[in-house]
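Trainee: from the sequence below, what's the structure:
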Amino acid sequence: MLARRSRVTAALLATGAAVCLALAGVASAAAATALPSAGDWTNEKVTRNIDVGGTITRSSTQYTIRKNESAVAAAPGDTVPYYISLSPEEDVQLAWTKTAFTLEGQQGDPIILELERASRPNSTHHVYAAQVPKSAIVSERRAVITFDATFSHMSTPKPKTIGQTEPLLLLWQGEVGLRSPYATLEGQVRVRSQHPRILSYSPNQADAATKSGSTLTFGPYSNVAPLALDGKADASTLVAGQVHYQHDVPVISAVEFNRHVEVSHWGNNLATEDRIWLRNDGAALKGFFSRVEHQKANYQAKITSHILQILTMHLPPGAKDVYYIDKVGNVSTSHFNGAPDAPQLVSAPNMALMQGKTSRLALQPRYPLLGGWNYSFSVGFNMNLGEGGWGRHVPDAGLSKVAGDLEGAGKGKDRYVVGVMFMTPMSDVAMDRVQTKIVLPEGAVVTQVDTPFAMDSVRHERFTSYLDTIGRPAVVLEKTRVSEQHSQLVYIHYTLSTSAHYRKPVAIAAIVFALFGVISTLRRFDGKISK
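Mentor: Alright, predicted model coming up:
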């Protein structure tokens, strides 16, 4: 009887413990996804500037915020989150973000904040958390958070088809209100286009929007209620808008951008080839294309600016042996302005390639690229690996400051790091998918991959080419929704033994000696039939 009672008691205790653990797990999960209340911060002023274009739309939002002392003190850790909300359409097309923190009147560079997704499941809002250091908001001065973002394919052609010499008109649709999980005292939204001709916009009431040249100002808004971060969106606090404008620049997107890079120690070379699939996302051509009309329009300076005739690419400094080919063969209609090697860019901050002096390659496609047309081509070039190039041999005493510390790379002196541009920047060109494959010398062992931003996938594979014995290691990086801000350096750390340097020469020598042996044997063999 006692044994039976003890078994029942043990079962009850086990069940109670399981229930407690389950409740604790649910509580911890709820705490992990819990978002702060709207009273944690107050937006004293919000100013948003939206630059509409072709395939790229840029947005810069400045939040002048006031902290809640109790909420800041209650936040765990050294940071307190500030939440930024995006519309569903913006979240789908989001390509790049940058969040900075500063104080009003502060001199010097702003603090770059870490941004991470914090959306709740089944929520109609897409929320990101910017981690603000507590030490930076102790001042009595007002804090300012600047949120810069780049979106892809936010504008569509309207009408869908146009004549060869007709102007291109685009329609942008988005929110022109103040979307925030915190109360906003005042703010406004500006939408700017490159061309002053704006056919229509909404809302177009006199008290809702004003037009000045190519700039539309929506607002000002005052005492805007915060958005609830759980449940459905409150439509009364959201303002949907659209702008129908003229755009005199080709609307170009890179559907596929595949980069293949090979590192050669023997050749002291970094060989790069880009295979690009371009598409004109502007209005499709109505009727047929007339070469005579095209030449006449160019001569008379008529409206044909939406037709792609020249594409400019910014190659890294020191690029040489540049070639430009397509499926037919070599394309001679290009102009290249080279720039000398700039080894300081290997350790420079992000986006230094666009800020510094670059090698400029102007490409003219084999045929004009009208709306809906595609063009596939390849661009290749070589760069020095060492002696002012893009590779470094890391001494055993310590590592170069090129790409940070390399702990756990393995013992020995044959350690290397190479910097490779993730992609070639092209202004105002949205890249739907980018793949960069970096092939290292045979026998190399990859120890670390440093990426300047989050990739969709990073995988390792084996690449085999001529005269290879075991194949060469390759690092494949993939990312969707890429803009020119992603033209940053990827650092590959690897080790390479001294014997691996001679693997290919030994293989070539073995093949040559084997060939001579076979030929010598065949010369000694008498194939004649004796009588």
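Trainee: name the helices or strands packed onto the strand or helix carrying L216?
Mentor: Using DSSP states H and E, L216 maps to strand 215-224. With contacts defined as 3 or more C-beta pairs under 8 Å, 6 or more residues apart in numbering; DSSP states H and E, strand 215-224 has these neighbours: strand 184-192, strand 209-212. Using the backbone N, CA and C atoms, a C-beta is placed for each residue, glycine as well.
Trainee: out of those, which gets the lowest mean score?
Mentor: Lowest mean pLDDT within these: strand 209-212, a mean of 92.
Trainee: need the residues that contact that one.
Mentor: 176, 198, 201, 203, 216-218, 241 (C-beta atoms under 8 Å, 6 or more residues apart in numbering).
Trainee: buried set for the helix or strand just after the strand holding L216?
Mentor: Downstream of strand 215-224, the next assigned helix or strand under DSSP H and E is strand 240-246. Going by neighbour count (16 or more other C-beta atoms under 10 Å), the buried part of strand 240-246 is 241, 243-246.
Trainee: name the SS class of the closest residue to S487 other than its chain neighbours, please.
Mentor: Nearest residue to S487 in three dimensions, chain neighbours excluded: P425, at 3.8 Å (C-beta to C-beta, 6 or more residues apart in numbering). Counting by DSSP: H, G, I helix; E, B strand; the rest coil, the backbone at P425 sits in coil.
Trainee: now do the one 3 residues further on
Mentor: When classified by three-state DSSP, D428 comes out as coil.
Trainee: once you drop chain neighbours, what's closest to it?
Mentor: Per C-beta to C-beta, 6+ apart, closest to D428 is I56, 5.2 Å.
Trainee: beta-bridge partners for the one you found, please?
Mentor: In this entry, I56 is beta-bridged to S152, by DSSP bridges.
Trainee: quick one: pLDDT of it?
Mentor: 94.
Trainee: so what's it up against?
Mentor: I56 neighbours (C-beta under 8 Å, 6+ apart): 150-152, 428-430, 483.
Trainee: distance of it from P88?
Mentor: Distance of I56 to P88, given as C-beta to C-beta, to the nearest Å: 19 Å.
Trainee: same check on A507?
Mentor: Distance of A507 to P88, computed by C-beta to C-beta: 56 Å.
Trainee: which residue of these two possesses the greater neighbour count?
Mentor: Higher neighbour count among A507 and P88: A507, with 14 against 11, using other C-beta atoms under 10 Å.
Trainee: what about the closest residue to the more buried one other than its chain neighbours, which SS state?
Mentor: Leaving out its chain neighbours, the residue that sits closest to A507 by C-beta to C-beta, 6+ apart is T469, at 5.5 Å. Here T469 is recorded as coil under three-state DSSP.
Trainee: which phi and psi does T469 have?
Mentor: phi -100, psi -50 (degrees, to the nearest 10).
Trainee: hey, where'd the strands end up in the stretch 1-150 of the chain?
Mentor: Assigned by DSSP state E, counting those that start in this stretch, the stretch 1-150 of the chain shows strands spanning 41-51, 56-67, 79-86, 94-103, 111-112, 115-117, 126-133, 143-152.
Trainee: for the chain, which spans come out with low pLDDT?
Mentor: 1-37, 120-124, 139, 229-237, 300-303, 342-356, 387-389, 395-413, 527, 530-531 (pLDDT under 70).
Trainee: how does it divide into domains?
Mentor: Residue ranges for each domain of the chain read 34-246, 252-397+411-507, as given by automatic domain parsing.
Trainee: reformat those as CSV; add distance to R524.
Mentor: Listed next are the domains of the chain as CSV, based on distance: least, C-beta to C-beta, whole Å:
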stretch, distance to R524
domain 34-246, 69
domain 252-397+411-507, 26
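Trainee: out of those domains, nearest to I529?
Mentor: domain 252-397+411-507 (38.9 Å; C-beta to C-beta).
Trainee: and I111, what are its bridge partners?
Mentor: Beta-bridge partners of I111, as defined by DSSP bridges: F101.
Trainee: what about V249, which SS state?
Mentor: coil.
Trainee: name the residues of stretch 476-494 that are buried.
Mentor: Neighbour-count burial for stretch 476-494 [16+ other C-beta under 10 Å]: 476-477, 479, 481-494.
Trainee: give me the neighbour count for S305.
Mentor: When neighbours are counted by other C-beta under 10 Å, S305 comes out with 15.
Trainee: wait, it touches G282, no?
Mentor: No - S305 lies out of contact with G282 (C-beta atoms under 8 Å); the separation is 10.3 Å.
Trainee: shared neighbours, the two?
Mentor: The contact sets of S305 and G282 overlap at 168, 250 (C-beta under 8 Å, 6+ apart).
Trainee: what's near enough to touch R366?
Mentor: Counting by C-beta under 8 Å, 6+ apart, R366 has contacts 326, 328, 331, 333, 375.
Trainee: can you tell me the closest non-neighbouring residue to the fourth one?
Mentor: Closest residue to T333 in three dimensions, ignoring its sequence neighbours and counting by C-beta to C-beta, 6+ apart: Q364, at 3.8 Å.
Trainee: distance of that neighbour from E484?
Mentor: Distance of Q364 to E484, computed by C-beta to C-beta: 21 Å.
Trainee: could you do E90 as well?
Mentor: 19 Å.
Trainee: for V263, same thing?
Mentor: Counting by C-beta to C-beta, the gap from V263 to E484 is 25 Å.
Trainee: equivalent analysis for D526, please.
Mentor: For D526, the distance to E484 equals 70 Å [C-beta to C-beta].
Trainee: for this protein, what spans make up the helices?
Mentor: 2-33, 69-74, 88-92, 291-300, 352-355, 498-501, 503-524 (DSSP state H).
Trainee: return the distance of the third one from the chain's centre.
Mentor: The reference is to helix 88-92. Helix 88-92 sits 16 Å away from the centroid of its parent chain (C-alpha atoms, centre = their mean, to the nearest Å).
Trainee: which other residues reach that helix?
Mentor: With C-beta under 8 Å, 6+ apart, helix 88-92 has contacts from 124, 126, 149, 151, 154, 173-175.
Trainee: buried stuff in it?
Mentor: For helix 88-92, by 16+ other C-beta under 10 Å, it's 90-91.
Trainee: count of neighbours near K134?
Mentor: Using other C-beta under 10 Å, K134 has 14 other residues around it.
Trainee: if you could redo that for I111, that was the one I meant.
Mentor: Count around I111 with other C-beta under 10 Å applied: 16.
Trainee: repeat for V46
Mentor: V46 has 24 neighbours, counted by other C-beta under 10 Å.
Trainee: now swap in N330 and tell me
Mentor: 9.
Trainee: offset the numbering so it begins at 689, please.
Mentor: Renumbered: residue one is now 689, and that last one reads N1018.
Trainee: V1010 versus that one, what's the distance?
Mentor: Where V1010 is concerned, N1018 sits at a distance of 12 Å (C-beta to C-beta).
Trainee: residues contacting the nearest residue to H1189 once chain neighbours are set aside?
Mentor: Nearest residue to H1189 in three dimensions, chain neighbours excluded: H953, at 6.4 Å (C-beta to C-beta, 6+ apart). By C-beta under 8 Å, 6+ apart, the residues touching H953 are 1073, 1129, 1184, 1189.
Trainee: with that, I have no additional questions.
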